[in-house]
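Participant: Kindly return the folded structure for what I paste below:
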Amino acid sequence: MLFNLDFRSGKPIYVQIVEHIKYLIASGELKPGDQLPPVRELAADLQISFNTTARAYRILDEAGILSTQHGRGTYILDPSSARESERLRSESLETLTKDYLTAARHLNYSPEEISTAFERHLIKHQESDNNYF
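Facilitator: Below is the predicted model:
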């Protein structure tokens, strides 16, 4: 599982892990029943603290997204309903949007410049590749 952590973003690493796993579920890359790497293994792979990874898994477990079975592993749970699946999908889009806007504002782009660039690229994607939508 590939993670792109940004240690300079100001966003806690455990939050980045939680958001990335939610994104992978919403995109269909992770499916119900898929096993996640053990906490220690993921922490070692990402070169971060065991506690940081454990915190992310605990948050996802408490949210009903993961199930950790001691001695057996951590698995993606089946969303309890279509509404829960749509909620995860919506959260992922909200996170992507907030991250995009935050990065653009940090670069001192005005709301008008951001909106214009977004609209221009949205139209290009619609015209060039219907696979995006």
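Participant: Now do the helix or strand of the chain with the lowest mean pLDDT: which elements does it pack against?
Facilitator: Across the helices and strands of the chain, mean pLDDT, DSSP states H and E gives its lowest value to helix 82-106, namely a mean of 83. Here helix 82-106 touches helix 13-26, helix 111-128, going by 3 or more C-beta pairs under 8 Å, 6 or more residues apart in numbering; DSSP states H and E. Bear in mind the C-beta positions are built from the backbone N, C-alpha and C, glycine included.
Participant: And those helices: which comes nearest Arg72?
Facilitator: Ranking these by their distance to Arg72 (criterion: C-beta to C-beta) puts helix 13-26 first, at 18.5 Å.
Participant: mean confidence for the next helix or strand after the closest one?
Facilitator: As assigned by DSSP states H and E, the chain's next helix or strand after helix 13-26 is strand 35-36. If you average the pLDDT over strand 35-36, you get 96.
Participant: just checking, what packs against strand 35-36?
Facilitator: Partner elements for strand 35-36 (3+ C-beta pairs under 8 Å, 6+ apart): strand 73-76.
Participant: chain center to the strand it packs on: distance?
Facilitator: Mean C-alpha position of strand 73-76 versus that of the full chain (C-alpha atoms, centre = their mean, to the nearest Å) differs by 17 Å.
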